[in-house]
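Asks: no letters, just coordinates:
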């Protein structure tokens, strides 16, 4: 009997050691591929601490005062992180050149671990703010990430077909890898996050829907940066606690902006691609020119997006002041609170004309429920300052309906409280598939008499009564299509941009500005988005 007991004890010990070894092996593989195996497991943090990587803390050309020939900004050393969200995994299309380590910028090893770190940290920021069960709208999951797509161009983009795509272009002997900038990486991740939680926006032929997508990308870059303690400390010092001043965090994609500025100085800001610290005031898109220099407000979606981004940064600064003396702990708290209100706003705002005002109103109403109105004044003053809402519109919200908290069951994570107005919108669970039928109109333009079917938002949506009279959906859609035709951004055959194949290659440098395609349907050709183009083509 004693020998049998010893044998059983030995057998249990062997099994325990085997399971521990498998756990550590699985964790190590997850760390080395840039994707996690699911929820954090025992020993993962200790194992991660044993290896460190170099990464860009901010953009490679981050400078308080821009210089003609900037040098690479200092790097920081961090431990790799695991992706805590099984439905939001990523896969980098190239295998890791070498294990995690302290590599030099512009090397394949540095690019790989930089991309893995910036994207996973971004996912770990947004993940807790999303409804449980949110999954990518991309055709493949895990979502694919291409670090250096074919061709030389100052660009990056998000596509449902191909995931996140980054490029390289050499300018004045300076190699500019767009993925090397956390600003660019977290901007593209923002597109993917917004498309996951609100896929109805992807094909909407509304200027403000497209501009909100671009603004969300920029807001994602700012919020993800603020999750780094060193960034919070530096921005507070640089702005003396007034975080809506121009700073290392508000200046977005400095290196990409520098590269564009060498050939087209008027296309971008003088110190970056776009600056979240701005005073742009809303004007109806139909009253603006289709394109123009960065010093002018236009209805081009990247240019127009600066209005909402400026209001967002003003709101962040106002929210910070409600906590008393600004410090990095308070800044971390309000960054997460504002991120949650952004998610609530885009989820509950109806996709209609004057979309900026709808999201702004939805965020104020969400704050009533989430925070008992603590940030109402900060949000309201920011949106009024940028003319997104009027003082009268803000006052009217006091009598407007507020969202209700709804318990949503999830097998993996239990119950979550979501905000809703008319029952749960579960599009976030569908990954862009089988969505409710959108409202559509058929338009002809001055450029083509061919009728084109376009999506113009959600049917029977009840907007907040906070905006002036909106243009007719057909007029707005016609303007949207005409602007695309001016830029040569529509392919008339799906095969022109590789949209026909789920596993096809990403668009080439000659095709990356073609953001839409005409897809044949029984009712006629329908305008369908292929990707969000975030490079030079959209800056002029």
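Replies: Sure thing, it's come through. Everything quoted here is computed from the prediction, not taken from an experiment. Residues are numbered from 1 along each chain as shown.

Asks: in the protein, which spans are helices?
Replies: Along the chain, counting by DSSP state H, helices occupy 2-33, 44-49, 108-126, 182-197, 207-225, 229-239, 254-263, 301-321, 328-348, 355-370, 376-385, 391-396, 427-430, 473-486.

Asks: in JSON lines, list those along with mean pLDDT.
Replies: Converted to JSON lines, the helices of the chain look like this (pLDDT from 0 to 100):
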{"stretch": "helix 2-33", "mean pLDDT": "40"}
{"stretch": "helix 44-49", "mean pLDDT": "44"}
{"stretch": "helix 108-126", "mean pLDDT": "97"}
{"stretch": "helix 182-197", "mean pLDDT": "98"}
{"stretch": "helix 207-225", "mean pLDDT": "97"}
{"stretch": "helix 229-239", "mean pLDDT": "97"}
{"stretch": "helix 254-263", "mean pLDDT": "95"}
{"stretch": "helix 301-321", "mean pLDDT": "98"}
{"stretch": "helix 328-348", "mean pLDDT": "97"}
{"stretch": "helix 355-370", "mean pLDDT": "96"}
{"stretch": "helix 376-385", "mean pLDDT": "98"}
{"stretch": "helix 391-396", "mean pLDDT": "94"}
{"stretch": "helix 427-430", "mean pLDDT": "88"}
{"stretch": "helix 473-486", "mean pLDDT": "87"}
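
Asks: wait, which of those helices is closest to residue 451?
Replies: Across those, residue 451 has its closest neighbour in helix 473-486 (10.6 Å, C-beta to C-beta). To be clear about C-beta, it is placed using only N, CA and C from the backbone, and glycine gets the same treatment.

Asks: buried ones in that closest one?
Replies: 473, 476-485 (16 or more other C-beta atoms under 10 Å).

Asks: and the angle from it to helix 207-225?
Replies: 70 degrees (axes from the mean of the first three to the mean of the last three C-alpha atoms, to 10 degrees).

Asks: helices or strands next to helix 473-486 in the packing?
Replies: helix 207-225, strand 440-443, strand 452-455 (3 or more C-beta pairs under 8 Å, 6 or more residues apart in numbering; DSSP states H and E).

Asks: most tightly packed of the ones you listed?
Replies: A comparison of the helices and strands packed on helix 473-486 by mean neighbour count, using mean count of other C-beta atoms under 10 Å, puts helix 207-225 on top with a mean of 27.

Asks: residue 76: which of the helices of the chain is closest?
Replies: Among the helices of the chain, helix 229-239 comes nearest to residue 76, with 6.4 Å by C-beta to C-beta.

Asks: what helices and strands are in contact with that closest one?
Replies: So helix 229-239, by 3+ C-beta pairs under 8 Å, 6+ apart, packs with helix 328-348.

Asks: mind giving me the packing neighbours of the helix it packs on?
Replies: If you count contacts as 3+ C-beta pairs under 8 Å, 6+ apart, helix 328-348 packs onto helix 108-126, helix 182-197, helix 207-225, helix 229-239, helix 301-321, helix 355-370, strand 414-420.

Asks: how about CSV for the ones you listed, with distance to residue 466 added?
Replies: Shown next, in CSV, are the helices and strands packed on helix 328-348 (distance: least, C-beta to C-beta, whole Å):
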stretch, distance to residue 466
helix 108-126, 27
helix 182-197, 22
helix 207-225, 14
helix 229-239, 30
helix 301-321, 14
helix 355-370, 5
strand 414-420, 18
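
Asks: so which of these gets nearest residue 463?
Replies: Of all these, helix 355-370 sits nearest to residue 463, with 5.6 Å by C-beta to C-beta.

Asks: flag every buried residue along the closest one.
Replies: Neighbour-count burial for helix 355-370, with 16+ other C-beta under 10 Å as criterion, is recorded at 355-368, 370.

Asks: over to stretch 392-412?
Replies: 393-394, 397, 403, 408.

Asks: likewise stretch 66-82?
Replies: 66, 70, 72-73, 75, 78, 80-82.

Asks: out of those residues, which comes closest to residue 295?
Replies: residue 66 (15.8 Å).
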